[in-house]
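In: Okay, structure incoming, though there's no sequence with it:
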């Protein structure tokens, strides 16, 4: 008589390693996310494949991609992760504890110029909270756990995500005062076509909300950068004109708005949290803090308020 196979026995840490590799596609990136070394992650993946008697990843030079069996395990592992998060929330919130790490993925401008100078207040309120602020020009995937909280320029249209609008903000054309003094005057929109512009690299624009030069006119930037702070520094140095968030330009006293009554763009910041993480004390506390400081200092983004 053939023996009936017993239940598969594996460690939850092996599943966490599997999830990290599935979400990043690389051992080194997964190891960084887990706070381990890549050999440990590789060993855990091998142990999990042996326990399941299945090949979970295709190993290629470009990285790790899931096999059919890996895709099936991903769904089950994410369901188990959700249960673990819910259990953690149930236990941790009983003691009203706000501790552990929370990763905030934010746009460069909001993260570096608004949130970073104010995040110390959150840390003083909750000394056991570790805040990881990732401010960079990219779209953060909360389903892949690239961040716990995301500050985005767009409201998500799908996925198990909880979103709220933080605030609108304005953008205008700016130039250094020295640049304007040494170049032809700008009295109407058509005059802009005779000036050098600084803007984004077209194929590196990660969200349509940053593709705003057409709103000003048929302008081809002479200097392009995927980095907002680089654009700002080039503008301050007198390289040319640039469309910048007003709350950032206001930090540079040498910058002057150009045709402010005629050219003003409006965009929005959204705070987004994955549905699984939303109830966690450290996530809720951090999200509420961000919303609180934005509400308290709304005049930074909308001076007319």
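Out: Done, it's in. Just so it is clear, the model here is predicted, and its values are computed rather than measured.

In: When you work out contacts or count neighbours from here on, use the C-alpha atoms and nothing else.
Out: Noted.

In: Find the residue at the geometric middle of the chain.
Out: Centrality entry for the chain: nearest residue to the mean C-alpha point is residue 105, 3.2 Å, by Cα atoms, centre = their mean.

In: Once you drop chain neighbours, what's closest to residue 113?
Out: Counting by Cα to Cα, 6 or more residues apart in numbering, residue 248 is the residue found nearest to residue 113 once chain neighbours are left out, at 6.6 Å.

In: For the stretch 201-305 of the chain, just list every one of the helices.
Out: With helices called from DSSP state H, counting those that start in this stretch, the stretch 201-305 of the chain shows them at 228-236, 246-249, 281-296, 298-301.

In: which one of these lies closest to residue 170?
Out: Set against residue 170 and scored by Cα to Cα, those come closest in helix 246-249, at 5.8 Å.

In: Run through the neighbouring helices and strands of the one helix or strand the residue nearest to the centre of the chain maps to.
Out: Following DSSP states H and E, one finds residue 105 within strand 100-106. Packing partners of strand 100-106 (3 or more Cα pairs under 8 Å, 6 or more residues apart in numbering; DSSP states H and E): strand 129-135, strand 149-152, helix 281-296.

In: let's see it at 10 Å
Out: Judged by 3 or more Cα pairs under 10 Å, 6 or more residues apart in numbering; DSSP states H and E, strand 100-106 is in contact with strand 129-135, strand 149-152, strand 265-274, helix 281-296.

In: Give me the contact list for it.
Out: Identification of contacts with strand 100-106 by Cα atoms under 10 Å, 6 or more residues apart in numbering yields 111-112, 115, 127-142, 145-153, 269-273, 281-283, 286-287.

In: Same check on stretch 290-303?
Out: 114-115, 118-119, 121-122, 151, 164-171, 245-248, 250, 266, 268, 270-271, 286, 288-289, 304-305.

In: Report the buried residues of that stretch.
Out: 290, 291, 293, 294, 298, 300, 301 (16 or more other Cα atoms under 10 Å).

In: what does stretch 183-193 give?
Out: residue 192.

In: average pLDDT for stretch 257-265?
Out: Predicted confidence along stretch 257-265 averages 94 (mean pLDDT).
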